[in-house]
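Student: this one's sequence-less:
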DNA sequence: AACCGGACCTGTATGC
DNA sequence: TGCATACAGGTCCGGT
């Protein structure tokens, strides 16, 4: 579910509530060891008493940075969800871990109890997500194996093009590869390729610099608009306050069935499998000049 | 090394 | 209605 815009929306939603908050204790849910990088007792012991300084995002990873530079790392996988709730409310189904916190900031009255405590819980139906405590070195290593942030102004089109042009793989698979560009998933890859007029099956080593410029620019435009719309809710995605996104109403082709008319030229759209994921493209707006 | 397909999970939609 | 199958926003691993 969550790609860069969804994770960024969650970060922005939680930051004003969690910065300065202290973790009082961790609550054990259904299958914590499926989600945690460390065994439950280790995790519970080490997270207790820590104060959150800031919330960071790198690609699709969210991190709570503590005062000693250690971080609580959260990846939401496919169906991961963070929810604010009252401390005494029972943990819902598929809730694996919850943190009891106290914050110096005013919180919605619906989540805070008389003693100023509230709970942040992690739910994940499919359990593809991961949570763990990282040392500063772990965090640096994680960040290093990820590609650049697409919205980082330091990233320029020639650098992006250089990353792609030596590869034999298809452009859609490359966009999903987090070590080439961080944070892009199936929805925004399809949308950006459509906006850039590049076919998902196009081989990376046939892309011109000007096509890479168009693609980077399309990625930025799609991701920025999606953040402004607070993400895309197809089914499960909610921010930490339970609100859906609105970008699903602006999607051009993601999820469209084969033969649906292209929103730009009315040519029947095609569906295909790329990089193990289903993809939609317009054969006219995204001409395939060179296949495998 | 780079690349691809399958595995990991559960829930839901679709078809017979 | 009941059952089987396909598919879903992600990543990792093993084989080629």
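Tutor: Okay, I see it. These numbers were taken from a predicted model, which means no experiment stands behind them.
Student: what helix or strand is residue A:191 located in?
Tutor: Assigned by DSSP states H and E, residue A:191 belongs to helix A:186-196.
Student: and the next helix-or-strand element following that helix with helix A:186-196, angle?
Tutor: With elements assigned by DSSP H and E, the helix or strand that comes after helix A:186-196 is helix A:209-228. Counting by axes from the mean of the first three to the mean of the last three C-alpha atoms, to 10 degrees, helix A:209-228 lies at 130 degrees to helix A:186-196.
Student: partner strands of the following helix or strand past helix A:209-228, with direction?
Tutor: Under the assignment DSSP H and E, the closest C-terminal helix or strand after helix A:209-228 is strand A:270-274. Counting by DSSP bridges, the strands paired with strand A:270-274 are strand A:277-281 (antiparallel).
Student: which helices and strands does the helix holding residue A:191 pack with?
Tutor: With contacts taken as 3 or more C-beta pairs under 8 Å, 6 or more residues apart in numbering; DSSP states H and E, helix A:186-196 sits against helix A:171-176, helix A:209-228, strand A:277-281. Yep, even glycine has a C-beta here, placed from its N, CA and C like the rest.
Student: what about the residue of the stretch 51-200 of chain A found nearest DNA strand C, neighbour count?
Tutor: Relative to DNA strand C, the nearest point of the stretch 51-200 of chain A is residue A:185 (1.9 Å; C-beta to the nearest atom of the strand). Number of residues near residue A:185 (other C-beta atoms under 10 Å) recorded here: 21.
Student: what does residue A:59 give?
Tutor: Counted with other C-beta under 10 Å, residue A:59 comes out at 23.
Student: do you know the pLDDT at it?
Tutor: At residue A:59 the predicted local confidence, pLDDT, stands at 98.
Student: ok, the closest residue to DNA strand B within the stretch 1-150 of chain A to residue A:84 distance?
Tutor: Residue of the stretch 1-150 of chain A nearest DNA strand B, by C-beta to the nearest atom of the strand: residue A:126 (3.2 Å). As for residue A:126, its distance to residue A:84 is 22 Å (criterion: C-beta to C-beta, to the nearest Å).
Student: the more surrounded of the two?
Tutor: The neighbour comparison of residue A:126 against residue A:84 (other C-beta under 10 Å) goes to residue A:84, with 22 against 12.
Student: show the backbone phi and psi for the more buried one.
Tutor: phi -90, psi 140 (degrees, to the nearest 10).
Student: spit out the contact partners of it.
Tutor: A:17, A:107, A:108, A:111, A:118, A:119, A:120, A:240, A:241 (C-beta atoms under 8 Å, 6 or more residues apart in numbering).
Student: out of those residues, which one sits closest to residue A:178?
Tutor: residue A:240 (23.1 Å; C-beta to C-beta).
Student: could I get the pLDDT score of the closest one?
Tutor: 96.
Student: give me the phi and psi angles of residue A:17.
Tutor: phi -90, psi -30.
Student: now do it, the pLDDT please.
Tutor: Looking at residue A:17, the pLDDT reads 96.
Student: point out where the stretch 1-150 of chain A drops to low pLDDT.
Tutor: Counting by pLDDT under 70, not a single residue of the stretch 1-150 of chain A qualifies.
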